[in-house]
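Peer 1: model the structure of this input:
(4 chains)
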Protein chains: 2
Amino acid sequence: MNTPDPRSPRRTDALSRERIVEATIEILDTAGENGLTLRAVTAHLSTGRGAIYHHVINKDELLAAAAEGVIGPVLARTAGDTEPRAAIRTLALGIFDAIDRHPWVGTQLSREPLQPAVRQIWTAVGAQLHRLGISGTALSDAGSALVSYVLGAAAQYAAGARRSPDAATRQRYLEHLAEQWARLDPDPLVQTSAAALAEHDDREQFLAGVDIFIAGVTSGDSGGD
Amino acid sequence: MNTPDPRSPRRTDALSRERIVEATIEILDTAGENGLTLRAVTAHLSTGRGAIYHHVINKDELLAAAAEGVIGPVLARTAGDTEPRAAIRTLALGIFDAIDRHPWVGTQLSREPLQPAVRQIWTAVGAQLHRLGISGTALSDAGSALVSYVLGAAAQYAAGARRSPDAATRQRYLEHLAEQWARLDPDPLVQTSAAALAEHDDREQFLAGVDIFIAGVTSGDSGGD
DNA sequence: CCAGTCTTGGACCGGCGGTCCAACTCTGTC
DNA sequence: GACAGAGTTGGACCGCCGGTCCAAGACTGG
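Peer 2: Now for the predicted structure:
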């Protein structure tokens, strides 16, 4: 019931969906997923809420658009005509590196399977698998497996980056895990395996997983149905 | 600054962490992840908020405890001494079926890598992979890949169940995806592959992914490092 | 120059997670 | 059996969130 404050001077540069998404990505990068509030977006753009809702449906759509803004260019850049196995590796690494730079994308991709970014990943993966000679049910199974792995690893990595920004917490977790493994079996092999767990490099491990799936997909038969 | 209402009669049955977690699972199952509010939990237990915070740190811990309450028994039930490959399949299917019954678990597992439920999955997976003769770096790579795949597929499936409870929306999405694939290549093989995508069974596809992983892990060499 | 349309910004709403503390109950002690 | 201290309980309260609404202002075609 207050009488509104006198109007502040109006912005000179026009608001647009692109500018809003841009600001969203910037906020997510600097303040993290929890730092993204529509209030932060309006503040960043020096505007009010109504203006934003005029260009964007809601926060979910904003997140999906931001993820697409990050993933889209990565996929486009990776569309080369190299050997399919290498192309899949490049594709996966591109996604991994994008998430390394923007951890919130890892969370977002797992949240909503119908969003454009995920659809683009599916399409890209499917195309490469097909070039490997896989088709029919085998293609949809292999695509599903690879996409699930990539998104799962992305979410894990992103959550790790979010929750333990300090290496110490992370190290303690890995050591706890290694200890539990080691306790399961006195075999010295297990002991060294457990030690390996605590010393791995995330990016290499991610790529090793991609290789496992590629090997699994190409080992048994030639696909087909 | 109101004077408080006269006290309602005090509860007779004692409040406990178990009862709170139980109520949380019940609410998550019936009302979904968005339906879980601490207010709903207090209402369900006919109590106030302070009482709950006396037994539980915060909502995140409550979610983690609920997930452990679902996943723990599944893993325990699957600890048999069968052949490792079969054990991995059983393990994975157990998790899948649990998430089919409690979709919110799929989301929760991806949210927080340090939570007990995830640690338990890691340990179980590691044990079976070791029985397959894998060790050293290969073990930690394979374990990471399998856990990422299972959690990734779980999150995808859970998100799908949450977002398109009606089969129609889901079908439209799959058809759109299939159409995009089909457009990439006039090859009739692609056409049939795309068709396969729209007709798959989630559970079978999930298991197919596990098999691809197992094939990949056991194909190259015997592990070790 | 003016009338009609579209954009803008901020007040407002219901509801959330979390804190705090007075009232109450329970338990051990004499 | 009475009582005092410790521990539990419930609800008022706080700051903040996403989303709605609409009057004030800016822009555009005639």
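
Peer 1: and the lengthiest helix in chain A, anywhere near DNA strand C?
Peer 2: Criterion DSSP state H: the longest helix present in chain A is helix A:136-163. No: counting by Cβ under 7 Å from any atom of the strand, DNA strand C has no neighbours in helix A:136-163; the shortest distance is 14.4 Å. All C-beta spots, glycine's among them, are computed from the backbone N, C-alpha and C.

Peer 1: which elements pack onto that helix?
Peer 2: The contact analysis (3 or more Cβ pairs under 8 Å, 6 or more residues apart in numbering or on different chains; DSSP states H and E) places helix A:136-163 against helix A:84-101, helix A:103-111, helix A:116-131, helix A:202-219, helix B:103-111, helix B:136-163, helix B:188-197, helix B:202-219.

Peer 1: name the helices or strands packed onto the last one?
Peer 2: So that's helix B:202-219. Checking 3+ Cβ pairs under 8 Å, 6+ apart, helix B:202-219 ends up next to helix A:136-163, helix A:202-219, helix B:84-101, helix B:136-163.

Peer 1: which one of those helices lies closest to A:Gln191?
Peer 2: Across the helices and strands packed on helix B:202-219, A:Gln191 has its closest neighbour in helix B:136-163 (10.3 Å, Cβ to Cβ).

Peer 1: quick check: closest non-adjacent residue to the residue nearest the centre of chain A.
Peer 2: With distances taken as Cα atoms, centre = their mean, A:Gly106 lies nearest the centre of chain A, 2.8 Å away. Leaving aside its sequence neighbours, A:Gly106 sits nearest to A:Ala158 (Cβ to Cβ, 6 or more residues apart in numbering or on different chains; 2.7 Å).

Peer 1: give me the phi and psi angles of the residue lying closest to A:Ala98 once chain neighbours are set aside.
Peer 2: Using Cβ to Cβ, 6+ apart and skipping residues adjacent in sequence, the residue nearest A:Ala98 is A:Val74, 4.9 Å away. The phi/psi pair for A:Val74 (degrees, to the nearest 10) reads phi -60, psi -50.

Peer 1: show the pLDDT at A:Val74.
Peer 2: What the model reports for A:Val74 is a pLDDT of 95.

Peer 1: ok, it touching A:Gly94?
Peer 2: Yes: counting by Cβ atoms under 8 Å, A:Gly94 is a contact partner of A:Val74 at 4.5 Å.

Peer 1: who's more crowded, the two?
Peer 2: A:Val74 (22 against 18; other Cβ atoms under 10 Å in any protein chain shown).

Peer 1: okay, and the helix or strand of chain A with the least pLDDT?
Peer 2: Within chain A, confidence by mean pLDDT, DSSP states H and E is lowest for helix A:188-197 among all helices and strands, at a mean of 71.

Peer 1: what residues does it touch?
Peer 2: A:174, A:177-179, A:181-182, A:184, B:126, B:130, B:134-137, B:139-140, B:143, B:224-225 (Cβ atoms under 8 Å, 6 or more residues apart in numbering or on different chains).

Peer 1: may I see the PyMOL selection of the buried members of those residues?
Peer 2: Entered in PyMOL, the line below selects the buried ones among those, by 16 or more other Cβ atoms under 10 Å in any protein chain shown:
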select buried, (chain A and resi 174+177+178+181+182) or (chain B and resi 126+130+134+135+136+137+139+140+143)
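
Peer 1: which residue ranges make up the domains of chain A?
Peer 2: A:1-56, A:71-219 (automatic domain parsing).

Peer 1: what about the longest one, start to end distance?
Peer 2: Just to be clear, that refers to domain A:71-219. Domain A:71-219 has an end-to-end distance of 30 Å (Cα to Cα, to the nearest Å).

Peer 1: also stretch A:28-46?
Peer 2: OK, stretch A:28-46 end separation, Cα to Cα: 17 Å.

Peer 1: list the buried ones in that stretch?
Peer 2: In terms of neighbour count (16+ other Cβ under 10 Å), stretch A:28-46 has its buried residues at A:Leu28, A:Asp29, A:Glu33, A:Leu36, A:Ala40, A:Val41, A:Thr42, A:His44, A:Leu45.

Peer 1: got the residues you listed as TSV, with distance to B:Asp211, pLDDT and secondary structure columns?
Peer 2: Below are the buried residues of stretch A:28-46 laid out as TSV (distance: Cβ to Cβ, whole Å; pLDDT from 0 to 100; DSSP: H, G, I helix; E, B strand; the rest coil):
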residue	distance to B:Asp211	pLDDT	secondary structure
A:Leu28	37	96	helix
A:Asp29	39	96	helix
A:Glu33	34	93	helix
A:Leu36	39	97	coil
A:Ala40	45	95	helix
A:Val41	45	95	helix
A:Thr42	50	94	helix
A:His44	48	93	helix
A:Leu45	50	93	helix
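
Peer 1: sorry, back to before: contacting residues around the residue nearest to A:Ala98?
Peer 2: A:Gly94, A:Ile95, A:Asp97, A:Ala98.

Peer 1: returning to what we had before: residues near the residue nearest to A:Gly106, how many?
Peer 2: 24.
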